[in-house]
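> no FASTA, just this:
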């Protein structure tokens, strides 16, 4: 075993806060409120929340348990953990899981840069007074070199933290995550103080059960929960390599999943309360929801265009804007660190020195992120391709556990002598049957939607940003690359043991 894998989190709190750093990201604050609004019915978004919670139990938590078990068992990165569990012939499939998370890192750092830029401007400049000014700020930002500069800066800072190992990552998350939670709680009280905020909360939690008849609601609920919790990214598997033997996998997985989703609900309450509380005096509920549903360029509309001007209309809005973008920046940065660590750990397992591996990954992250920083269409394409790719990652993790033996995995890797609770056989049913059914059904439905709704006239064109073929081509290239370098990747498992 390599020296690096002898590192451990210093405490259970350090583990939980670091894993919450993975899970709590822009998906909670930037993505979740918008997706909830887009998938709400005439009466409310409560039915979408029901589907979203269903997938917490039927997708996220079971896969998080699997990731914790695989990571702690292998004490290696995502590839090495697959090799340790199912052998060299099939273990290379873990490379695809790692590739998906790393591909997301390339454009996720761009979003982190946006958050940082808006935090700085909310401190140094006046908030936009109207939609025209808000659009001008966004267009001016995107038309400048700042997206590239911010992207480079966050990659450098992330690399500086990762280069020092898990102890550095743990220390940073012990500051970032409590600070983020404090910011959200303060923001919650401010949002709830707005007259009309109750209308937003009422809509958020009122179910319109008829919407559950639409398959796309379930697809959105699953992909959002995967984004929310970090399930199937391989990130939790990577951090699990540093778990202490006495840390209970089952309890930690439930704490991770439930804690993360509570933050998502908190963020949604803040956003819905702010938007309804600010706009209800001059708009009806339907018009307000149109504002929330309008994703804008690369799904940025609500967060980066509407929210700043809403803050400008309320008392103390300047402070509220700073808190909002501070929380968003913390959330983005804590998740970015884990993505860098995932890729670095694979290189370390292959025998590379951590400092050199970190420099290579951050340089590659910056380079491959440049197209997303300069072109919003390219950014949206990457988000589309690799966001859905998380379903394939979930299928591969499920496959690895099934090949190893679900009962054997549960009894030997989860229900260890040091456990404080026992994982029941219900988990085996979900991993062995429910997760594969979810993947096949929802991927099939997603391809149908892509061919009939997202890109009906260009579904066969790989250059069309939202076509079936662009996804198939990029996934195929990823699999080809992983397969081509499989022998080198397999050596990572061997050398990490040496």
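Right, received. Where do you want to start? Just so you know, these numbers come straight off a predicted model, no measurement behind them. Numbers count the residues shown, from 1 in each chain.

> what about residue 28, distance to residue 224?
In this structure, residue 28 and residue 224 are 10 Å apart, going by C-beta to C-beta, to the nearest Å. In this view, the C-beta of every residue, glycine as well, is placed from N, C-alpha and C.

> which one of those two is surrounded by more residues?
The neighbour count for residue 28 versus residue 224, taken as other C-beta atoms under 10 Å, is higher for residue 28 (29 against 24).

> got the phi and psi for the more buried one?
The phi/psi pair for residue 28 (degrees, to the nearest 10) reads phi -80, psi -40.

> who's in contact with residue 117?
Applying C-beta atoms under 8 Å, 6 or more residues apart in numbering, we find residue 117 in contact with 141, 146-147, 150.

> out of these, who's nearest residue 309?
residue 141 (14.8 Å; C-beta to C-beta).

> can you give me the pLDDT of the closest residue in space to the closest one that isn't next to it in sequence?
Of all residues not flanking residue 141 in the chain, residue 117 sits nearest, at 6.3 Å (C-beta to C-beta, 6 or more residues apart in numbering). At residue 117, the predicted lDDT confidence score is 96.

> tell me how far residue 117 lies from residue 330.
Distance from residue 117 to residue 330, by C-beta to C-beta: 15 Å.

> then residue 381?
Distance, residue 381 to residue 330, using C-beta to C-beta: 27 Å.

> okay, and the closest residue to residue 40 other than its chain neighbours sits in which element?
With sequence-adjacent residues excluded and distances taken as C-beta to C-beta, 6+ apart, residue 40 is closest to residue 48, at 6.1 Å. Assessed by DSSP states H and E, residue 48 sits inside helix 46-55.

> I'd like to know which elements the helix or strand following that helix is packed against.
Counting by DSSP H and E, the next helix or strand C-terminal to helix 46-55 is helix 61-74. Using 3 or more C-beta pairs under 8 Å, 6 or more residues apart in numbering; DSSP states H and E, the elements in contact with helix 61-74 are helix 78-86, helix 235-240, helix 249-279, helix 376-404.

> can you give me the offset of helix 61-74 from its chain's centre?
On the basis of C-alpha atoms, centre = their mean, to the nearest Å, helix 61-74 sits 17 Å off its chain's mean C-alpha point.

> okay, now residue 377: neighbour count?
Residue 377: 13 surrounding residues under other C-beta under 10 Å.

> show me which of residue 381 and residue 330 is the more surrounded one.
More crowded of residue 381 and residue 330, by other C-beta under 10 Å: residue 330, with 27 against 23.

> which strand or helix spans that one?
Per DSSP H and E, residue 330 falls inside helix 317-349.

> ok, and what's touching whichever helix or strand comes after that helix?
As assigned by DSSP H and E, the chain's next helix or strand after helix 317-349 is helix 354-374. For helix 354-374, contacts defined as C-beta under 8 Å, 6+ apart pick out 4, 102, 105-107, 109-110, 113, 147-148, 151-152, 155-156, 158-159, 162-163, 165, 340, 343-344, 347-348, 352, 378-379, 382.

> apply 7 Å and report the result again.
When contacts are defined by C-beta atoms under 7 Å, 6 or more residues apart in numbering, helix 354-374 is touched by residues 4, 105-107, 109-110, 147-148, 151-152, 155-156, 158-159, 162-163, 165, 340, 343-344, 347-348, 378-379, 382.

> sweet, I'm off.
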